[in-house]
Structure formats: C-alpha cells, structure tokens
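>>> Just a sequence and a predicted model for now, questions to come.
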Amino acid sequence: MTVFVPVPKSPGANRGLILGIALGPDAGGGASAQPAPFTPNAFIRIATDGRVTFTIPKSEMGQGVYTALPMLIAEELGCAWESITVEPAPVESRYNHTRWQMMNTGGSSSTWSEWDRLSLAGATAREMLVAAAAKTWKVDKKNCNVENGKIISSDGRSLKFGELAETAAQMEVPRNVRLKDPKDRKILGKPRLCLDNPAKVNGTALYGIDYREPGMLTAVIARPPVFGGRLKTFDAEKAKQVPDVRDIIPVPAGVAVIATGFAQAEKARKLLKISWDDGGGSGISTEGMRDEYRRLAATPGLVARRDGDPEKAIAAAEMKITAEYEVPFLAHSAMEPLNAAVVPKEGSCDIWVGTQSQTRDRNSAAAVLGLLPEKVRLHTLFLGGGFGRRANPAADFVTQAAEVAKAVRQPVKVIWSREDDMRGGFYRPMWFDRLSAGLDGNKNLVAWQHTIVGQSIMAGTPMAAFIVKDGIDETSVEGARELPYAVPHIRVDLHTTKNPVPVQWWRSVGHSHTAFVVESFLDEIAHAAGKDPLAIRRELLQGMPRHLGVVNLAAGKAGWDTPLPDGRARGIALAESFGSFVAQVAEVSVDTGGNVKVHRVVCAVDCGKYVNPDSIAAQMEGGIVFGLSAALHGEITLKDGKVGQSNFNNYPVLRMPEMPRVEVHIVESSEKPGGIGEPGVPPIAPAVCNAIFSLTGKRVRKLPIRPEMLRAG
Amino acid sequence: MFSLNVNGKKYDVDAESGTPLLWVIRDNLGLTATKYGCGIGQCGACTVLVDGEAVRSCVRAVSTAAGKEITTLEGLSAGRPHPLQAAWIAGNVPQCGYCQPGQIMAAAALLRRIPEPTDEEIDRAMNGNICRCGTYQRIRKAIHAASAMMAEEEK
C-alpha cells in the first residue's frame, strides 16, 4: 500500500506557524521552540533530545483525536509513548481532510480518514530512522529493529531516535513503505489514557475563550431577536457610561459592545436601547410550523426510496398501522459558548479559536478583512465541545469576530453569552413524520411507508452540490432510507420545508431523528403483531450480519430474557450511522408523576477495526448522555419569531443524578473503521421510549418525553 | 478596589463591586482554569472554593469574596497532582474537558465535607455541574477513587 505523504520543502519550514500547545508530560514546555532536525513529513518532527512532535490535522473537542491519531502514528513509528508532544496543525492544504478539500473535523470521520495517511507517515519516518542506524553501523537494515524509541541491532547495539535524528534527515524518503502486520501491533486496539488528560485537569488546557494577549479587548454583540431581523437604530448613551467600555458600534451582526472584559461588555449591552426590523421572521412559531408539517405529512413527498409496490401492498394488507411522530429543534449548547479572538496586524491577521472548520473560517475572516487567505493565520485551540456547532456553514462566530476586529483595529475576542449561544440558531431541525405499515394474515411486515417533513440542513451551503440530489438532502432521509429490515414493499419520501430558522448538523445529524422514528415504529409493529421487539428485529435482519451482531450482543449482555424487578422494563433499538453499528438496551422505570428514570443502558458497537477502545467506550457513554438529554429534556420553541429558551434553566440537559449505568461492549472486527463520535446518539431515545411502552403501554411519539404524557391514570 | 486572596496570593483588584467573581478571576487575574458556562449559576463550570465551600463564581459579586480564602483549580494542589486530579487522569474522565475544572472543585468541596461519599451523596453534591460530553459515570468513579487515595494517605 502506498499513500502520498506530503514532504515540506525544507525541514522545519512549518515551524513559524506552529502553535506551541504542548501536551503530555512536558506541558507548557513550548513544542515549537525545540530544535527538530528530522522532519520526515508534515506530521512528525523528531528532535535530538528524542522528543517526538506530532502535528495533528484534526480538532480536539472531546472525541479523543489528540490521542487516537498519535496512536496511529506511534504504532508504525515505534517511538516511546512518553516522548510524544501533540500540536494542532496550521491551516495548510497538506492538512486538509483526506476526502474533502478543506480542513475539517466532523462526520465522525477523523479516525477512518486519517488511518492510512498517518500510519504511512509513521512508517516512513521509521524506515528513515532504520536506514540511518544501518548506515551508522554499516549493517543491513534487516538487522535493525525498532523498539520504544530506539533502533536496536541484532548484535545488541542501540541508538535512540534523538541520536539518529540528524542522520535520518539525510536519508532518502522511501516511496513504498510497508505497514506493520496487524499481529505485530502493540498500540492499536488497546486502551490508552488520553494525552491531554493532565492539561485538562490542571487547568492549563487553553480553549478559545481563554486566549489572552496584552491589550486584547472583549466584545459582545446584541443580535436581532428574530431570525432574519436587522438593526434599525440604537441608543448607546447609557451603555457608554459603564466603566471600561471602549466602544459601541453597529456591525453586520447587530451592535457590538467592546470593553476591557466580558462583565463590563455584558453590563453595557443590557443598557442598550435598540430598535430592530424583524423582517418577515416575526410570524414564525413552532406551533404554526407543526400544523404546516402535519398537513404536508399526509401527502406524498419526493421519493427517496421505493421498493416493490408499497401503495398497493398497504391497501391489500390484513392489518394497517399508521402513526405520526415529531421531534423539536435542538440547540447544541456545548459547555464553552461560542467565541473567537482576532488579532489584526499590518497586512495580516491571527485568529485564535476552537473550531471544527479551519479553512472555511479562515477564508471567511480573510474576506471580511480584505486579506489573502494565506495572510490569515488561524490557530486551533481546544474546543469546549463542538457537536457540529463549531463547523458553521456560514463561519458565523469567526466572521462576526473578524467584523468587530476590522472596525476596532485592535485585538478583540468576541464571546457569546450562553443566551446568545442558545438563541443564535443553527439548530437540529424540527421534524414531523408519518408512517404506515402493512401486515399480512400471518402478521408478517410486508409494507412500510415513511413520509418525512422538515428543513434541509445542506441547502444553501457549499455542500449542497454533493449532498442534495434530485431535491433530496441525503441528511434529511439518512437512516430512514437505509431501513435495514427485510420488507418487500418500501417507500420513503420527503417534503423539504423552508423558513428563516437557521439549521445545522447536530451530533448524528439526520440519524438523531430518523432512528427515533424508525425504531419506535418498528416496536409498534412488533407489539401489534404480538411479537417480541428483539425477535422481530432478529427475524427482519437476516442477511444483515453486522446489524444483527450488535442487536444480539446488546440483548445478550443486557439479559433480555431475564426478569426485572417490578416497575422496570427494557427497550431495544438499533442504528447504523457513520459506518458503525450500535444497538442499545435501556432499562427504565416511570414514577406515578410520569417521570422517567433510565437505570441502565447496555450498548453494543461494531465500528470495524478500532484504535482506542476506552475512547470508544467514552464516546458511547457521551453519545448516550447527549441523546438522553434531548429525549428527556431538549426542546427549542419559537413564538412570534422569538426563541423561547435562553439558558440551562429552561433548556435543561442531563445531570449527574439522571446518569444511568452504561456498559459498552465492542465487537471485535477487521472491517474497515467506522465513525465513533456520533453513532452512540441515535439508538438511545427509541430504546428508552420502547422500554416505556413495555412498562406503561403508552407510546411516546413526540420528543422530548413529557411527564404529562406518562402520568398514571 | 478589592483585596482578594486567591490561591494563597494577595491581589488588589480594581473592579466594580457587583462584578461577578468569575470575571475578576479570569479577566483581571488572568487565571483561566475557571470557566464561564451559563452566567446564572446553573452549570457549575465556574465553581471555585470560597473558604472551602463550593461557590458558583459567575453569580458571586466580587465584593462579597474580599478577605476570604479563594481557591481555583490552579491552586488546588501545590506541586504534585491532587488525588482528584490523579483519579481523573487514571479514569480517563475528561472529554472536551471544559467543565472539568468546575467538576473537580465541586468534588474537592464534597470530599472536604464527606471524605467517603456514597453514590447518592455524589449525585447530590455534583447535581449543579453540567457535562455535555457525558462524563458523569467516570466522574462518580473517579471521586470514589480519589476518596480511597486520600484515605490511604491519611494512614
């Protein structure tokens, strides 16, 4: 196997652009300051003191890429794990996503998309170190073995990587490098603690919001309360009197208040008197949208999948089941509210930000500042959560910061308050679904119709050209169109609606909605047919071994057939997303007030071959919490165009006492690697709702689950 | 002007009396381990110790903290990692890590009060600290581990 590994023009050529966040044992040491004579490719530098620096082209937002990707390199390189320093890559095309023409972290793609490139980077460097040792000792390369940061000759001599660095730099870059035989792997597939743990528990991990430099000001922006609104006039008389407020100016996003610190800016913003032009958005309400969506759902939309003759099969069915499902808009609400720091300079600019979308953000800022993109140096810091929000198709949080910096011509950090973040749009879309199923005289499922109504995430973005086909946004139907169950007659169709509420990918994207609907409706069919929910899945998944594998593993580990204490029940759900297969069994109880308690979740995941099993467990745990937050609490509503929620008091998320016991079981596999950041989310809502039905006989068809729906009596 | 005692060090701070302690710590003192998450005392990312008690610094006026002993994550341990930090690392607790300074400070206050807490006591004490990445299960386990380490050190 050969993969092109870009080689810099001269060793260390990228050093000037490197941000010195040192991670690991020498945190704070300043990676970029260390001499590194051996720079075999864009991802590895080895210094004479043996320190190995990996330049990682992905953003660390909690998914563990600053550990998993170094594991890929280290496996092949053979360096000592303790010698590794990780640094974020600068924005250069050689660090682009291997499939997309830009730097981006998303789509649960980091591991699979970097597997070959980074393995090759490590193997290439290893071969050059081996060649250097062989040359030094005047022995054949065959007689040189790599072990924990050293090359050891068959006659017992040894040289450390650092000692070989200068000679290795003189070696020719090999073109056809062999990767390790999987049976010789020492690192991949074994649990490893994250390299950035120490920095994250001692407070030295630097997030975008933490970036400071002398003279840097802090700004907040008053934005229109209605999507699509515009500034008419404002009166800053009182606001300007707040001490330490430096300027209050109109910007394209609204009115920017610039002060020495956040508290001062925020205080002044509250004193602004602003008159807004609401545009057409003030007529929007989620209740009104719901009525429109429900009307549309009763009519066929654009066909995304059609097998057999579903209309005829439903008409001829012995038993017909129809149900309507709905899910609300959801905010990402990462713990770190959005922010970006922009430092304009003469003819160039530096940006310090936690982002999932470096290239787009940089280019957008460059356009605002009238600079060539190459003149904007974007430095990636840690992300206090992303969940998709920090890959904004409009680069909103970086663009707005650039607009403020352009106006004040000073270093400035724009911070969104929690309220700004929650009311700023780019939500998971609201969806309404109508499904019908037909069963024959033997209670076999013969027909499935699914009509989906909601906004397109991709329409109007640069991705629309690839992802919207014949009017169908693939992300609107993903998970529904790929229904894995053996049903002879299937129709999945879509109505794409339009309104001014900005929508965006939210951890697991379309699957966050379709898994809930599909897996709940299948459960309805099972009960209507008098079948066990596990049995019907087994029956309909013949020929789908990986789906069936996780269903069986989860059910087995959960003890599906074993009795539970009174007042508890289990539910099961399955979803394939981002190339991985996940089944979850939830064990729940419901009190007389209708409050749901999830006691235990057993999760089985098949993500193909994998890197760090403990990160996989963590991502499953996290996905379950993220999905449970939405299922039990999450809802963004609009009335008269205004968002009804503002902060964690009225947009609650899961807290410690609600945390179920989560057990994760990983399927051993040599299949190609799948994603892991998102696939834990989709099955949890239907698993919980299916358990609730088992327990109460009440079918939850609308999220979030409200106690009113489940109250006894 | 307020005189603050943070992590054993004295600071004279020029701030309005109603300024939240959080922003004085972050913007005036430059100690950025303490995080902003909600501004209304809902998420716990800003948790610091004031005279040993866990306090939401985003809703605590700086004037009411003057003269008291304030501890942020930076001052939790001198030199070597605090047992909570060691347990957090060994348990692979952090994901994005943003809430963890607040989680650790809340846990530190808990263990001062209840050296060997039950799961229920942990749930109650940590209810005010949100983690969007979903590390709750690992936090619970790490608090127990830290508690055991501290009991071992006592011996």
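Now that the structure is in, tell me what you want to look at.

>>> tell me the contacts of A:W416?
A:W416 is in contact with A:220-221, A:337-339, A:397, A:424, counting by C-beta atoms under 8 Å, 6 or more residues apart in numbering or on different chains. Backbone N, C-alpha and C define where each C-beta goes, glycine included.

>>> switch to 7 Å and redo it
Counting by C-beta atoms under 7 Å, 6 or more residues apart in numbering or on different chains, A:W416 touches A:337-339, A:397, A:424.

>>> Max pairwise distance over these: which two?
For the contacts of A:W416, the farthest-apart pair by C-beta to C-beta is A:N339 and A:G424; their separation is 12.0 Å.

>>> between the two, who's got more neighbours?
Set side by side, A:N339 and A:G424 show more neighbours around A:N339, with 28 against 24, by other C-beta atoms under 10 Å in any protein chain shown.

>>> That one and A:Y207 touch, don't they?
No. Applying C-beta atoms under 7 Å, one finds A:N339 not in contact with A:Y207, separated by 8.4 Å.

>>> next one: phi and psi at A:A528?
Comment: the main-chain dihedrals of A:A528 come out as phi -60, psi -30, following degrees, to the nearest 10.

>>> Quickly note the distance from it to chain B.
Using C-beta to the nearest C-beta, to the nearest Å, one gets 34 Å for the distance from A:A528 to chain B.

>>> now swap in A:S476 and tell me
Distance, A:S476 to chain B, by C-beta to the nearest C-beta: 25 Å.

>>> and that residue, how many neighbours?
Neighbourhood size, A:S476 [other C-beta under 10 Å]: 30.

>>> can you list the domain ranges for chain B.
B:2-75, B:83-154 (automatic domain parsing).

>>> of all those domains, which lies closest to A:A515?
Of all the domains of chain B, the one in closest proximity to A:A515, counting by C-beta to C-beta, is domain B:83-154 (17.6 Å).

>>> Just the ones in strands from the contacts of A:W416, please.
With strands identified by DSSP state E, the entries of the contacts of A:W416 that belong to them are A:N339.

>>> I'd like the contacts of A:W416 as JSON lines, with pLDDT and distance to chain B appended.
Converted to JSON lines, these look like this (pLDDT from 0 to 100; distance: C-beta to the nearest C-beta, whole Å):
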{"residue": "A:P337", "pLDDT": "98", "distance to chain B": "7"}
{"residue": "A:L338", "pLDDT": "98", "distance to chain B": "12"}
{"residue": "A:N339", "pLDDT": "98", "distance to chain B": "9"}
{"residue": "A:F397", "pLDDT": "98", "distance to chain B": "15"}
{"residue": "A:G424", "pLDDT": "96", "distance to chain B": "15"}
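
>>> Relative to A:I321, which of the contacts of A:W416 is nearest.
Proximity to A:I321 was ranked across the contacts of A:W416 by C-beta to C-beta; first place goes to A:G424, at 39.8 Å.

>>> so how far is B:G30 from that closest one?
Between A:G424 and B:G30 the distance, using C-beta to C-beta, to the nearest Å, works out to 28 Å.

>>> do B:M150 as well
Noted for B:M150: a distance of 30 Å to B:G30, by C-beta to C-beta.

>>> do the same with A:N41
Where B:G30 is concerned, A:N41 sits at a distance of 37 Å (C-beta to C-beta).

>>> now A:N363
Separation of A:N363 from B:G30 (C-beta to C-beta): 32 Å.

>>> which one is the residue nearest the centre of chain B nearest to, not counting chain neighbours?
Residue closest to the average C-alpha location in chain B (C-alpha atoms, centre = their mean): B:M105, at 2.2 Å. Spatial nearest neighbour of B:M105, chain neighbours left out: B:T47 (4.3 Å); criterion: C-beta to C-beta, 6 or more residues apart in numbering or on different chains.

>>> Also A:V177?
With sequence-adjacent residues excluded and distances taken as C-beta to C-beta, 6+ apart, A:V177 is closest to A:A123, at 4.5 Å.

>>> can you tell me which residues contact the one you found?
A:76, A:177, A:179.

>>> out of A:N363 and B:G30, which sits in the busier spot?
Set side by side, A:N363 and B:G30 show unequal neighbour counts under other C-beta under 10 Å, the larger going to A:N363 at 19 against 9.

>>> before we move on, which element is that one in?
In this structure, A:N363 is located in helix A:358-369 according to DSSP states H and E.

>>> Show me what that helix packs onto, helices and strands only.
In terms of contact count using 3 or more C-beta pairs under 7 Å, 6 or more residues apart in numbering or on different chains; DSSP states H and E, helix A:358-369 is assigned the packing partners strand A:348-353, strand A:376-380, helix A:396-408.

>>> near chain A, which residues of chain B?
With the criterion set to C-beta under 7 Å from any C-beta of the partner chain, chain B comes near chain A through B:16, B:19-20, B:23, B:27, B:30, B:32-33, B:36-40, B:42-43, B:45, B:73-74, B:85, B:88-89, B:92, B:94-101, B:104, B:123, B:126-127, B:130, B:132-134, B:136-137.
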